[in-house]
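Q: Would you be able to build a 3D model of this:
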Amino acid sequence: MDPQVPGWLASLAVLVFLAVLIRLWWSPQRHAPWLAAALLLLFNLTGLHWIFTSLHVYGLMAAPIAATATLLLALYVSLFTLAAGVAIRRYKLRPLAVACAITLAELLRGYLFTGFPWLNWGYLQVDSLLAGFAPVLGVYGLVFLAALCAAWLARLKPGPALAVLSLHLAGGVGLSIHWTTPLGEPLRVALIQPSIDQQMKFDPAHAKATERSLLELLAVATPVSAGRPVAADLVVLPETAFIDTWQRLNPETRELVQRLIDRSGAALISGLPLQDAQGWSNSAIALQPGDNGQWAYRYDKHHLVPFGEFIPWGFQWFVDLMQMPLGSFRSGGLAQPAFLIKGQGIGLNICFDDLFGEELIAALQDHRPGVTPPSIWLNLSNLAWFGDSIALQQHLNVGRMRSLETGRPMLRATNTGLTAIVDAKGRVQESIASQGRNILLGQVQGMEGATPYNRWGNTAIFILVALAALAAWLQARRRQQGSAR
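A: Presented below is the predicted three-dimensional model:
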């Protein structure tokens, strides 16, 4: 999304676009579904064009092959909504059934083959009043409501249009409800955006220069005055900030990092790869004052990215066409403990992890004695693979949705952007421009308590879709019986 375009206007445009698709599926014209398919493919291709940048610019894949792969991914993403469109047209589904079909299609895309919910219709409503339903129904609930509103709009009648307005006003009321409450004092944070170019990041020839750059930023983020810290309680480096395991880093680098932590009193969380007896993992570690270079906490990425972090069966040939430092990582546990600091539980997730709200809330549902639930989310990402593209804003919106669903703020520390502090209502409080080498200093208020989504997860939307489908079937049956008389 263009930062100059108001978020609510972009969400409204998506709603109108979906209404156009539904109108075309309802149209008796033979060309209408083909036009809908072309528009949907173009929409997804525009939203995913950054895949080409990753494959061609940074992966050095031949441009025709990279373009074909990008087109195929856009086609794959489109197929789910297209399947819903086929059902809408074939069975002449009315608005309630239309919402069920589109929601089921998105749920299938979010779970099948480990899931790829990027460009989910619900994420595209994060700035609309419908977002007020996210703490209850989650992102898939927003899919259902957006599809229902789009179907009503597609009818081009005053009554359904009034229903759309009423549903949005109800969502606005939902946005005013506070499901969670502040916990303790705000935490002072320093989120470091090193802006290491992707073509240099994993090049061994530039490893020392990268480490020097990180150390310079750490020194700025951990100032002291009269022997007391003046900047932050927590300093954060992004995903794979260091490209080697902590044990293999230059001893002088490790010692200097620990010295900076000791003098400032701040804890440090940094992304980096780790290796142990179980294999490699895309991880993050936390270092605290007095740790003597031994990490106090570790998080291993749970939801791995196909092709980037594991190679699906039968696709080694495709990976061989790229020149990327790809790994075969193992997955971390589903509900890993939070990192505890100053009374706050920091719930970590790395890059692709935060696209799966149903997985993140597992940490909030862990009620074992002695387990502290997250009061603040922290996402570490490296989106330098995708250049200065729309992918950065798309991923920020994903994090905002997680905050809305769970009633907890989200910190985002990224390599090239968008580094930000998001509050418990999904609003960006502070951020820094993409592609810039900078440090975001700010405060974040941890939250406690539970939203309905924290308790139910996607169960609520499954029940809603089942009830709506039953209601739609009963309506259709009554119409058939009425026409038979």
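
Q: Quick check: W385 vs T372, distance?
A: 34 Å (C-beta to C-beta, to the nearest Å). (Glycine included, C-beta is placed from N, CA and C.)

Q: And the two? Which one has more around it.
A: More neighbours surround W385 than the other of W385 and T372, with 22 against 16 (other C-beta atoms under 10 Å).

Q: May I ask you to confirm that that one belongs to a helix?
A: Yes. Assigned with DSSP: H, G, I helix; E, B strand; the rest coil, W385 falls within a helix.

Q: Start the count at 24 instead of 1 going forward.
A: In the new count, where the first residue is 24, that last one comes out as W408.

Q: for the closest residue to it other than its chain neighbours, phi and psi?
A: Excluding its sequence neighbours, the residue lying closest to W408 (C-beta to C-beta, 6 or more residues apart in numbering) is S77, at 4.4 Å. Main-chain dihedrals, S77, degrees, to the nearest 10: phi -60, psi -50.

Q: any idea which helix or strand of this protein has the worst average confidence?
A: strand 251-252 (a mean of 54; mean pLDDT, DSSP states H and E).

Q: need the contact list for E278.
A: G316 (C-beta atoms under 8 Å, 6 or more residues apart in numbering).

Q: After the host helix or strand of it, which helix or strand is next?
A: Using DSSP states H and E, E278 falls within helix 274-287. Toward the C-terminus, helix 274-287 is succeeded by strand 290-299 as the next helix or strand (DSSP H and E).

Q: From the chain's centroid, how far away is that next one?
A: From the chain centre to the centre of strand 290-299 is a distance of 21 Å (C-alpha atoms, centre = their mean, to the nearest Å).

Q: what are the pairing partners of that strand, and which direction each?
A: strand 257-259 (parallel), strand 302-310 (antiparallel) (DSSP bridges).

Q: If I average pLDDT within each of those, which one is lowest?
A: Ranked by mean pLDDT, these end with strand 302-310 at the bottom, a mean of 93.

Q: List the buried residues for it?
A: 303-310 (16 or more other C-beta atoms under 10 Å).

Q: same check, this time on stretch 362-375
A: Under the neighbour-count criterion of 16+ other C-beta under 10 Å, stretch 362-375 has 362, 364, 367-375 buried.

Q: that older thread, nearest to M433 among the strands paired with strand 290-299 would be which one?
A: Nearest of the strands paired with strand 290-299 to M433, taken as C-beta to C-beta: strand 257-259 at 12.3 Å.

Q: low pLDDT regions in the chain?
A: 24-27, 247-253, 331, 333-350, 506-508 (pLDDT under 70).

Q: Could you chop it up by domain?
A: Residue ranges for the domains of the chain, per automatic domain parsing: 30-202+480-507, 205-473.

Q: Provide a list of residues in contact with A170.
A: Applying C-beta under 8 Å, 6+ apart, the residues near A170 are 41, 45, 121-122, 124-126, 144.

Q: For E234, see how far away E278 is.
A: For E278 relative to E234 (C-beta to C-beta), the value is 12 Å.

Q: for G430, same thing?
A: Distance, G430 to E234, using C-beta to C-beta: 38 Å.

Q: So which of the two has more stuff around it?
A: Neighbours were counted for G430 and for E234 using other C-beta under 10 Å; G430 has more, 25 against 20.

Q: Can you name the residues that contact the nearest residue to the more buried one once chain neighbours are set aside?
A: Excluding the flanking residues, the one nearest G430 by C-beta to C-beta, 6+ apart is T203, at 3.4 Å. Applying C-beta under 8 Å, 6+ apart, we find T203 in contact with 429-431, 447, 470-474.

Q: Verify the contact between L176 and P183 for me.
A: Yes. With contact defined as C-beta atoms under 8 Å, L176 reaches P183; the gap is 7.0 Å.

Q: Sort out which of the contacts of T203 are in helices and list them.
A: Those of the contacts of T203 mapping onto helices are T429, per DSSP state H.

Q: Now which of the contacts of T203 would you call buried?
A: Buried subset of these (neighbour count, 16+ other C-beta under 10 Å): 429-431, 447, 470-474.

Q: Make JSON lines from those and add distance to R271 to it.
A: Below are those laid out as JSON lines (distance: C-beta to C-beta, whole Å):
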{"residue": "T429", "distance to R271": "36"}
{"residue": "G430", "distance to R271": "40"}
{"residue": "R431", "distance to R271": "34"}
{"residue": "A447", "distance to R271": "39"}
{"residue": "M470", "distance to R271": "38"}
{"residue": "E471", "distance to R271": "39"}
{"residue": "G472", "distance to R271": "42"}
{"residue": "A473", "distance to R271": "41"}
{"residue": "T474", "distance to R271": "42"}
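
Q: Which of those sits closest to L32?
A: Nearest to L32 among the buried ones among the contacts of T203, with distances taken as C-beta to C-beta, is A447, at 24.3 Å.

Q: Hmm, that closest one is touching R423, no?
A: No. Between A447 and R423 there is no contact under C-beta under 8 Å: 10.6 Å.

Q: Many thanks, I have nothing further to ask.
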